[in-house]
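Colleague: no FASTA, just this:
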């Protein structure tokens, strides 16, 4: 085994040992994902908590998907696509793992649509530009006040 250990573990004498402080964050991430079902929203919450990778980088959506799919958290080692019992302790219970992967099996488009449905954009799906492209809701802040407006998909995609 080589490289950087998974978030929540540390290496001593070529063995993975649980780092309890980071492991608590990993358990929170898995539990929170079960509650909200969105890595995008979860990434924002993780950043708001000030959590970072072991190398000090920002935890983004891609990192969270990899973390939620890493079988090392079950106490397993993966070699060439096959999973074997590892010599390290598990951080995540199999029940929580199964619940997370049930959510991940659902289409990402459906999960994203559910997250977007919570945004308070009254005209979403009703406004279209002269070229037929839909308008998307967005917002800006000025002086602590939130201003909502709509921008054409053509402008967003092509400038």
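Modeller: Yes, it's here. Everything numeric in this text was worked out from a predicted model, so none of it was measured.

Colleague: can you pull out the helices in this structure?
Modeller: Counting by DSSP state H, residue ranges of the helices within the chain are 20-36, 39-49, 61-68, 94-105, 108-117, 153-158.

Colleague: can you tell me the centre-most residue of the protein?
Modeller: Nearest residue to the geometric centre of the chain (CA atoms, centre = their mean): residue 39, 2.6 Å.

Colleague: that one touches residue 63, doesn't it?
Modeller: No - proximity of residue 39 to residue 63 does not meet the contact threshold set by CB atoms under 8 Å, at 9.1 Å. (C-beta placed from N, C-alpha, C; glycine too.)

Colleague: and residue 18, how many neighbours?
Modeller: A count of neighbours around residue 18, defined by other CB atoms under 10 Å, yields 16.

Colleague: correct me, but it touches residue 86?
Modeller: No - under the criterion of CB under 8 Å, residue 18 makes no contact with residue 86, lying 11.9 Å away.

Colleague: so, low pLDDT: which residues of this structure?
Modeller: Low-confidence segments of the chain, defined by pLDDT under 70, span residues 1-2, 111-119.

Colleague: how does it divide into domains?
Modeller: When the chain is parsed with the TED database, its domains come out as 9-118, 119-158.

Colleague: most packed of the ones you listed?
Modeller: Among these, domain 9-118 has the highest mean neighbour count (mean count of other CB atoms under 10 Å), at a mean of 14.
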